[in-house]
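A.B. asks: Predicted structure and sequence below. I'll ask about it afterward.
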Amino acid sequence: MDVLIVDDEPTLRRTLRTALESMSHRVAEAGGGSAALEQVGRQRCDVAFLDLRLGRDSGLDLLPELLKLVPQLGVIVMTAFASIDTAVEAMRRGAFDYLPKPFTPDQLRLVLDRWRTVRGLRDEVTDLRARVQEAVPETDLHTDEPAVQAALDLAFRVAAADATVLLRGESGTGKGVLARAMHARGPRAARPFVTVHCPSLSAELLESDLFGHAKGAYTGAVQDTDGKVAAADGGTLFLDEVGDLPPALQPKLLRFAQDKAYERVGETRTRTADVRLIAATNRDLAAEVAAGRFREDLYYRLNVIDVTLPPLRERRRDVLPLARHLLTFFARQTGKRVTDFTAEAHAALERHSWPGNLRELRNAVERGVILAGGPAVDVADLPAQVGSRPPKRVEVGGAVSLEELEAEHVRRVVAATATLDEAASILGIDPSTLYRKRKRTGL
């Protein structure tokens, strides 16, 4: 590695240089703060050994200046005046590790090995993030719709606060995307963003997923396990579809929302976690409270700031810009030279009612790019329900048969859910029954 020694004692610099070069590292020296800043400004540097006493200068004051120039620099602080307070302060200001003088070549080798491991993990995380960005479309929060812009403005105004936010909207309107964007714009951006899918598990398993469990708490609990609350400590906990939270868990979530206190399943020790809560729901929680299915006190605790995202059918001016954004992403991902939609595809995209909202639009554009035989996605490349002419208007109480009413309901539920299993669960039928219904009706 390229190593910089910052120390005002020439003898120590010479001794340390000899040790580092014997380990095959490339070494540069600086006798003070100005020389150190000049060195890292003009030459690559992986690690800096920084003395806390630099004549009249302070190594602690120099440390953040070095990291400002080279954020990925591993700074190892050295001092003959070792103390816990000094070590804590050095780490608080960004030092990677701490070596009290005198130290042995083995201690030197150990701290460098630790830094090499940490740097490798950081590089791996950076690579994984880049791969995720390639696999997932970049969030496009631009809008030409005043109602959507008002919702975004409100959300981003409260992003810097720690207030609990309730995001409302139909399935697929982008509530999870907005929650992540709020986290990224807030003071907790460098800390974890953790999602809990409230409808996904039974009450018992969801409690364990949320709060963790102790060894032996239930069959299969073979070791102590932290939950997502602990994983989100210091960051944001996103409660997706909180309206589906089982009644037995609601008082425990209320207590955590109020006091930041909880117990893992199977133990009595009270724990705390510092998290910011963002909840989302596609249900009318006020109606759920009136029906006795959702606690009123929990509702008011979650509903500190209320942000509603309109469905895509009410965002007509956004449909084509969003579709083009997705087309660019999927064309790049698939390696196809698809650059636009045909006029007929444009008309179909604008005409469709998008019951599945942004999720349905994403799936439609992805399919279109994959099937496109030329530089533009044609109407035939889009899903049948998008490319077809508007069907007969089907609504409850209208002049339609029960069969037409059922078919329309099934179509909308399938479009609004991520999987057929989820759609079948909402409809209250087996997946095999749903398959037969779709095959019979051509959905």
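C.D. replies: Received the coordinates, thanks.

A.B. asks: Who are the contact partners of the residue nearest to residue 58 when sequence neighbours are not counted?
C.D. replies: With sequence-adjacent residues excluded and distances taken as C-beta to C-beta, 6 or more residues apart in numbering, residue 58 is closest to residue 52, at 7.0 Å. From N, CA and C alone the C-beta is placed, and that goes for glycine too. Applying C-beta atoms under 8 Å, 6 or more residues apart in numbering, we find residue 52 in contact with 58, 59, 60, 77, 78, 79, 81, 86, 90.

A.B. asks: Just the local confidence number for residue 442, please.
C.D. replies: Note on residue 442: pLDDT of 59.

A.B. asks: One more: residue 104?
C.D. replies: pLDDT, residue 104: 89.

A.B. asks: same deal with residue 139?
C.D. replies: Looking at residue 139, the pLDDT reads 64.

A.B. asks: which non-adjacent residue is nearest residue 367?
C.D. replies: Counting by C-beta to C-beta, 6+ apart, the residue nearest residue 367 is residue 383, at 6.0 Å.

A.B. asks: I'd like to know how far the one you found sits from residue 371.
C.D. replies: According to C-beta to C-beta, to the nearest Å, residue 383 and residue 371 sit 10 Å apart.

A.B. asks: mind checking the SS state of residue 293?
C.D. replies: Following DSSP: H, G, I helix; E, B strand; the rest coil, residue 293 is assigned to coil.

A.B. asks: Tell me the confidence at it?
C.D. replies: For residue 293, the model assigns a pLDDT of 93.

A.B. asks: Now it: phi and psi?
C.D. replies: Main-chain dihedrals, residue 293, degrees, to the nearest 10: phi -100, psi -10.

A.B. asks: do the same with residue 381
C.D. replies: The phi/psi pair for residue 381 (degrees, to the nearest 10) reads phi -80, psi -20.

A.B. asks: quick one, what contacts residue 20?
C.D. replies: By C-beta under 8 Å, 6+ apart, the contact list for residue 20 reads 3, 5, 27, 108.

A.B. asks: Could you do residue 172 as well?
C.D. replies: Here residue 172 is in contact with 312, 356, 357, 358, 359, 360, 416 (criterion: C-beta under 8 Å, 6+ apart).

A.B. asks: Now rank the residues you listed by neighbours and give me the top one.
C.D. replies: residue 356 (27 neighbours; other C-beta atoms under 10 Å).

A.B. asks: Now do the SS call for the residue nearest to that residue when sequence neighbours are not counted.
C.D. replies: Of all residues not flanking residue 356 in the chain, residue 415 sits nearest, at 3.4 Å (C-beta to C-beta, 6+ apart). Look at residue 415: counting by three-state DSSP, its state is helix.

A.B. asks: mind listing what residue 415 touches?
C.D. replies: 355, 356, 360, 385.

A.B. asks: Out of these, which is nearest to residue 209?
C.D. replies: Using C-beta to C-beta, residue 356 comes nearest to residue 209 of the contacts of residue 415, at 26.6 Å.

A.B. asks: pLDDT at the closest one, what is it?
C.D. replies: Predicted confidence (pLDDT) for residue 356: 92.

A.B. asks: can you pull the contacts of it?
C.D. replies: The contact partners of residue 356, by C-beta under 8 Å, 6+ apart, come to 171, 172, 363, 412, 415, 416, 417.

A.B. asks: on that earlier part again, from the contacts of residue 52, which two are the most distant?
C.D. replies: Farthest-apart pair in these is 58 and 78; separation 13.4 Å (C-beta to C-beta).

A.B. asks: Run through who's touching stretch 208-227.
C.D. replies: For stretch 208-227, contacts defined as C-beta under 8 Å, 6+ apart pick out 196, 201, 204, 228-230, 249, 252-253, 256, 262-267.

A.B. asks: let me redo that: stretch 56-64
C.D. replies: Applying C-beta under 8 Å, 6+ apart, the contact partners of stretch 56-64 are 6, 32-33, 36-37, 50-54, 75, 77, 79, 86, 89-90, 93-95.

A.B. asks: Make a ChimeraX selection of the buried ones in those.
C.D. replies: Here is the ChimeraX command that selects the buried residues among the contacts of stretch 56-64 (16 or more other C-beta atoms under 10 Å):
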select :6,32,33,36,37,50,51,52,53,54,75,77,79,86,90,93,95
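
A.B. asks: In a strand, residue 355, correct?
C.D. replies: No - Residue 355: not assigned to a strand; according to three-state DSSP it is coil.

A.B. asks: continuing past the longest helix along the chain, what's the next helix or strand?
C.D. replies: Counting residues, the longest helix found in the chain (DSSP state H) is helix 105-135. Scanning forward in sequence from helix 105-135 by DSSP states H and E, the next helix or strand is helix 146-157.

A.B. asks: list the helices and strands that following helix packs on?
C.D. replies: The criterion is 3 or more C-beta pairs under 8 Å, 6 or more residues apart in numbering; DSSP states H and E, and the helices and strands that helix 146-157 contacts are helix 175-184, strand 305-308.

A.B. asks: again, only using 10 Å
C.D. replies: On a contact count with 3 or more C-beta pairs under 10 Å, 6 or more residues apart in numbering; DSSP states H and E, helix 146-157 meets strand 165-168, helix 175-184, strand 305-308, helix 316-334.

A.B. asks: tell me the SS of residue 215?
C.D. replies: coil.

A.B. asks: can you list the domain ranges for this structure.
C.D. replies: Domain assignment for the chain, taken from automatic domain parsing, gives 2-130, 146-310, 313-441.

A.B. asks: wait, which of these is closest to residue 140?
C.D. replies: domain 313-441 (4.6 Å).

A.B. asks: Please state the offset of the closest one from the chain centre?
C.D. replies: Here domain 313-441 is found 26 Å from its chain centre; the criterion is C-alpha atoms, centre = their mean, to the nearest Å.

A.B. asks: for stretch 48-59, same thing?
C.D. replies: Distance of stretch 48-59 from the chain centroid (C-alpha atoms, centre = their mean) equals 39 Å.

A.B. asks: Please put the alpha-carbon coordinates of it into PDB.
C.D. replies: Output of stretch 48-59 as PDB, limited to C-alpha atoms (Å, rounded to 0.1, in the frame of the first residue of the first chain):
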ATOM      1  CA  ALA A  48      -1.500   7.600   7.100                       C
ATOM      2  CA  PHE A  49       0.300   7.100  10.400                       C
ATOM      3  CA  LEU A  50      -0.500  10.400  12.200                       C
ATOM      4  CA  ASP A  51       1.300  11.600  15.400                       C
ATOM      5  CA  LEU A  52      -1.000  13.500  17.800                       C
ATOM      6  CA  ARG A  53       1.800  15.900  18.700                       C
ATOM      7  CA  LEU A  54       3.300  17.700  15.700                       C
ATOM      8  CA  GLY A  55       5.300  20.500  17.400                       C
ATOM      9  CA  ARG A  56       2.800  23.300  17.900                       C
ATOM     10  CA  ASP A  57       0.200  21.600  15.700                       C
ATOM     11  CA  SER A  58      -2.400  19.000  16.800                       C
ATOM     12  CA  GLY A  59      -2.700  15.800  14.900                       C
END
